[in-house]
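Sequence first, predicted coordinates after that:
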Amino acid sequence: MAGLYVILGQSEPARIEAAARRLTYFEGESVSLRNEDRCAFAWVGVNDPRLWGPAFDPQTGLYVLLSGRVAFEEPQWQAAERLTHLTGGLACKLLLDLYLTGGAEALERHNGPAALVIWDPRSDELHLYSDHFGYHPVFLYRAEAVDGAVIATAPDAIAGDDQVTVSDDDVSMVEFLSAWRTTPPHTYYQGIRYAGAATHVTWRLRDKKFHERIYWTPFQDGFYGTFGEASRALESALQPAIRNRTLPRLGPVLSFTSGGMDSRAVLFAAHPDSEIIALNLYDEPNRESLVAQQLCKVCGARYLGFARDKDYYPRLMRETTRLSNGMWSIEDQHYLGVRGVVGAVGANTVLTACTTDWLFKGYGLEKRHRTLFGKNLPLHALVPRRADAFLPNWPRPVPAEYERQVRDRFDAWFAGVPRELTEDRHWLLAEDKRIRPACYAVSVSGGSMYRMYPYDTFLGDRAIADCYSRMPAKWKLNARVWGDAVSHMAGAARDVVNANSGARLGASRGEILGSFAAGWLKRRLFPSKGTAGEGLATEGSWPNYGWYVEHSTTLRDFWAAVPGEDRQRVARYWGSDAWAVPSEQWRQVPLDYFRLLTLLNWLDLRREARRDSP
């Protein structure tokens, strides 16, 4: 789903038509426009409009837009087909009917990673709902002013509106180069902000009133009492969350699949009558691809392997930057290059297990490796002091002129989180600030997935949020509770090893250490080019990024052609002249280099957009 655009107040039809064009990323996307006396809407989608398109009630004038997806059980879909007095997509018909019977609050915990808009002309009210985790990107311009406010799923789309006045936010760009991300709710524009996770925003156009309310806050209901209770609750939430997103009416379903433990949850909890296609990416066939094939053989899914070419990330960097609005580094944009494959198999739903590491495996927790004889073991322990960082990445120092502003933003975002972490809730509060909104999180492909695919994530489910809210930090460490839950779901495949650790799912600490020791010995006796850092391919899902720095002519040519004005600007944000650094040094820190490339591509795209604007 590409997104939505809403203008409050009077506007010319040409304005919303231009907004729809800015939100159209690929040919053949569905477009729905509507102009009311007091607001205008654009919905642009890669999702099937018969299921996901806007809905309208001719009797009340109510109008519903959904960017992203909300999950329903099959009987609910069948009930939607009987709502013949409403027009539009089935999902939005259900949401509209729920609003009519339960009021505005009935939609606050909608079940999926979606931005939802309701226009109620009876009271001149417009409602916006973001999802629990803030998976789906949604941004606001002049929200408090009401008249002239804009809602959109892409900040660049707002900035390209000739009725909008914004300026670049240098601090956000400094933050991105330092920490892989900006601090919410900031964007690259002063005047455009993120709407907030789990937030219900209401505009009353009749009397120019604006109100926003957080409808869900985690860690309020107490933690699970035992590990077994936590694991069974997570398993019980995962099963329907995945099944309802893989119903036959939503298929064929393509799930990006690795040899790890996360994506296999989809394979073994999918609806039994659905066609499931498991797409595995690699540079060369490796251990990950072998395990993925084994998993597909056990569960009956169709395995589809895809070998990336040797310029995969570099040649896609401009388009991935356009899709991400520059807010996710290009090393995390893994999936754009297989759009042709996804289209060829006719997938109507695309799934990933992105952000499992964040929600249930302690990715953003204060932790350290346990050690043995001075060597790090694949086991972690909690650290009792809050890190001043958006973990797991540690930021590089920012230039002195921006230090205070960056620090003030970070401190404001983490306000109320203790510095001394002495109980589960303390660690979780700090982690939550790194997880939500998930559209800002690093190491995932972020909001761009919603712009390029009919995408969903089962982790956006309401029941998953309830598990997250009650999960102690100690059971997230070392993927204990997640591994145990998925091992029960995997059934006969629980002994198919996790390609990342070499151990079976739900393995004991001793098994994990044994597998680690065996792998350590094998790597030293039989080193491969990939694992030694010499070649492009690795044993995992993603490449050796440093290889691109040395070998990609695409990167080399782009780097050399960067105009002087951008070099000077980036030097100010970076703190030094990046072009004075030899390529062999960038190979040692390729992710720094890729962030610079991301921002440089974004600056070039923005210059092009300004040049092409009327």
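All right, it came through fine.

So Asn111, which state does it fall into?
Three-state assignment for Asn111 (DSSP: H, G, I helix; E, B strand; the rest coil): coil.

just checking, it touches Phe458?
No - here Asn111 does not reach Phe458: they are 10.7 Å apart, not a contact under C-beta atoms under 8 Å. To be clear about C-beta, it is placed using only N, CA and C from the backbone, and glycine gets the same treatment.

got any ranges where the stretch 1-150 of the chain has weak pLDDT?
1-2 (pLDDT under 70).

Identify the residues contacting the closest residue to Ala104 other than its chain neighbours.
Leaving aside its chain neighbours, Ala104 sits nearest to His127 (5.5 Å; criterion: C-beta to C-beta, 6 or more residues apart in numbering). For His127, the contact set (C-beta atoms under 8 Å, 6 or more residues apart in numbering) comprises 104, 107, 116-118, 120, 200-202.

could you redo the last one with a cut-off of 10 Å?
Contacts for His127 (C-beta atoms under 10 Å, 6 or more residues apart in numbering) come out as 64, 99, 104-105, 107-108, 116-120, 200-203.

Could you do Phe223 as well?
229-230, 424-425, 428, 469-475.

want to try JSON lines for these, with neighbour count and secondary structure as columns?
Output for the contacts of Phe223, formatted as JSON lines (neighbours: other C-beta atoms under 10 Å; DSSP: H, G, I helix; E, B strand; the rest coil):
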{"residue": "Glu229", "neighbour count": "12", "secondary structure": "helix"}
{"residue": "Ala230", "neighbour count": "23", "secondary structure": "helix"}
{"residue": "Asp424", "neighbour count": "17", "secondary structure": "helix"}
{"residue": "Arg425", "neighbour count": "16", "secondary structure": "helix"}
{"residue": "Leu428", "neighbour count": "24", "secondary structure": "helix"}
{"residue": "Ser469", "neighbour count": "18", "secondary structure": "helix"}
{"residue": "Arg470", "neighbour count": "19", "secondary structure": "helix"}
{"residue": "Met471", "neighbour count": "24", "secondary structure": "coil"}
{"residue": "Pro472", "neighbour count": "18", "secondary structure": "coil"}
{"residue": "Ala473", "neighbour count": "22", "secondary structure": "helix"}
{"residue": "Lys474", "neighbour count": "17", "secondary structure": "helix"}
{"residue": "Trp475", "neighbour count": "22", "secondary structure": "helix"}
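
Mind putting those into CSV with pLDDT and distance to Trp216?
Output for these, formatted as CSV (pLDDT from 0 to 100; distance: C-beta to C-beta, whole Å):
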residue, pLDDT, distance to Trp216
Glu229, 98, 22
Ala230, 98, 20
Asp424, 94, 19
Arg425, 96, 16
Leu428, 98, 15
Ser469, 98, 8
Arg470, 98, 13
Met471, 98, 15
Pro472, 97, 19
Ala473, 97, 19
Lys474, 95, 24
Trp475, 96, 22
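
For those, give me JSON lines that also has distance to Gly191.
Shown next, in JSON lines, are these (distance: C-beta to C-beta, whole Å):
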{"residue": "Glu229", "distance to Gly191": "47"}
{"residue": "Ala230", "distance to Gly191": "43"}
{"residue": "Asp424", "distance to Gly191": "39"}
{"residue": "Arg425", "distance to Gly191": "35"}
{"residue": "Leu428", "distance to Gly191": "33"}
{"residue": "Ser469", "distance to Gly191": "33"}
{"residue": "Arg470", "distance to Gly191": "38"}
{"residue": "Met471", "distance to Gly191": "37"}
{"residue": "Pro472", "distance to Gly191": "40"}
{"residue": "Ala473", "distance to Gly191": "37"}
{"residue": "Lys474", "distance to Gly191": "42"}
{"residue": "Trp475", "distance to Gly191": "42"}
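
which one of those is nearest Arg587?
Ala473 (36.3 Å; C-beta to C-beta).

Would you check how far apart that closest one and Arg368 are?
Applying C-beta to C-beta, to the nearest Å, the value for Ala473 to Arg368 is 14 Å.

What of Glu17?
To Arg368, Glu17 is 55 Å away according to C-beta to C-beta.

For the two, indicate the residue with more neighbours.
Using other C-beta atoms under 10 Å as the criterion, Glu17 and Arg368 rank with Glu17 on top: 14 against 10.

Pull the contacting residues for that one.
31, 33, 35, 40, 42.

which element is the last one on?
Spelled out, it's Ala42. Here Ala42, judged by DSSP states H and E, is contained in strand 39-45.

Sheet partners, orientation included, of that strand?
If you go by DSSP bridges, strand 39-45 pairs up with strand 3-8 (antiparallel), strand 30-35 (antiparallel).

what's the closest of these to Pro185?
strand 3-8 (17.6 Å).

Go through that closest one and flag the buried ones.
Within strand 3-8, the residues that count as buried by 16 or more other C-beta atoms under 10 Å are 3-8.

Switch those over to JSON lines; also include distance to Gly575.
Shown next, in JSON lines, are the buried residues of strand 3-8 (distance: C-beta to C-beta, whole Å):
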{"residue": "Gly3", "distance to Gly575": "35"}
{"residue": "Leu4", "distance to Gly575": "38"}
{"residue": "Tyr5", "distance to Gly575": "37"}
{"residue": "Val6", "distance to Gly575": "39"}
{"residue": "Ile7", "distance to Gly575": "40"}
{"residue": "Leu8", "distance to Gly575": "41"}
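
Looking at the strands paired with strand 39-45, which is nearest to Trp559?
strand 3-8 (31.4 Å).

can you list the weak-confidence ranges in the stretch 451-600 of the chain?
For the stretch 451-600 of the chain (pLDDT under 70), the answer is 492-494, 499, 501-533.

the strands in it, which residues?
All strands of the stretch 451-600 of the chain, identified by DSSP state E, counting those that start in this stretch, fall at 455-456.

quick one, helices of it?
Secondary structure of the stretch 451-600 of the chain (DSSP state H, counting those that start in this stretch): helices located at 462-470, 473-476, 480-490, 509-525, 545-551, 553-561, 564-574, 583-588, 590-612.

Quick one: buried ones out of the contacts of His127?
By 16+ other C-beta under 10 Å, these give 64, 99, 107-108, 116-120, 200-203 as buried.

looking at it, Thr422 is touching Leu429, isn't it?
No - contact criterion C-beta atoms under 10 Å: Thr422 and Leu429 do not qualify, at 11.9 Å.
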